[in-house]
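Engineer: Just a sequence and a predicted model for now, questions to come.
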Amino acid sequence: MKEIITTILFLIAVLDPLGSVPVYLEATKSLDKRHKKKVAIRASFIAFLILLFFILVGQIILEGMQVSLDAFQISGGVILFLFALTMIFGEGKPESEKKKITDYKHVTIFPVAIPSIASPGAIMAVVLLTDNHIYTIQQQAITTGLVFIVTMLTMLILLGANIVQKRIGDYGIAVISKVMGLILAAYAVQSILSGLKDFFTH
């Protein structure tokens, strides 16, 4: 149970549902309520399918390239750490992603599904969390279920995005995003240390 809670908290940190709120509101500002709802639902499901794809074939691709588990853990940790740094010290996930919006008619996939929900950090995280060498099929299935739960939580937050923004405000969302970045940075460092330890003890 403790592992499940830890994984959920980590997935919330890496998917950063609240950080997607300003991106979603900016992307859908020219749409009516019905279409806004459609974007929130579709973007969340598309993001989950993208993450599911990498859960299923991400490691196969890496092993096909003859990337060792230790190298993958270290490189994955470095990428997650750099991603976390942009969350902590950068202008923030919402602002950088809002600037990428150029076509307000086709915002479901980009930037709401990718990279707001299914970010590069989230993709790397789910591949690390479902490593065939570390986790059993049952554990990987549970993690996949947890990824689905967190993406559905993201969908619910997006559906209530206006209320969330009014209650917390852009400043509050930015602060929470930075805290999530700190949690993610800690996990990334742990992944790097584990990879280095395994590499030198083999």
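Structural biologist: Sure, I can see it.

Engineer: burial measure for Thr108, as a count.
Structural biologist: Counted with other Cβ atoms under 10 Å, residues neighbouring Thr108 total 20. Every C-beta, even on glycine, is put in place using the N, C-alpha and C of the backbone.

Engineer: Revised request: answer the last question for Arg167.
Structural biologist: Number of residues near Arg167 (other Cβ under 10 Å) recorded here: 9.

Engineer: Check which helix or strand it maps to.
Structural biologist: Taking DSSP states H and E as the criterion, Arg167 maps to helix 161-201.

Engineer: I'd like to know which elements that helix is packed against.
Structural biologist: Helix 161-201 sits against helix 2-15, helix 20-27, helix 69-89, helix 93-98, helix 120-129, with contacts defined as 3 or more Cβ pairs under 8 Å, 6 or more residues apart in numbering; DSSP states H and E.

Engineer: got a list of what Arg42 touches?
Structural biologist: Shown in contact with Arg42 (Cβ atoms under 8 Å, 6 or more residues apart in numbering): Thr108, Ala113.

Engineer: Okay, it and Ala161: tell me how far apart.
Structural biologist: Going from Arg42 to Ala161 by Cβ to Cβ, to the nearest Å gives 15 Å.

Engineer: worst average pLDDT in the helices and strands packed on helix 161-201?
Structural biologist: Lowest mean pLDDT within the helices and strands packed on helix 161-201: helix 93-98, at a mean of 59.
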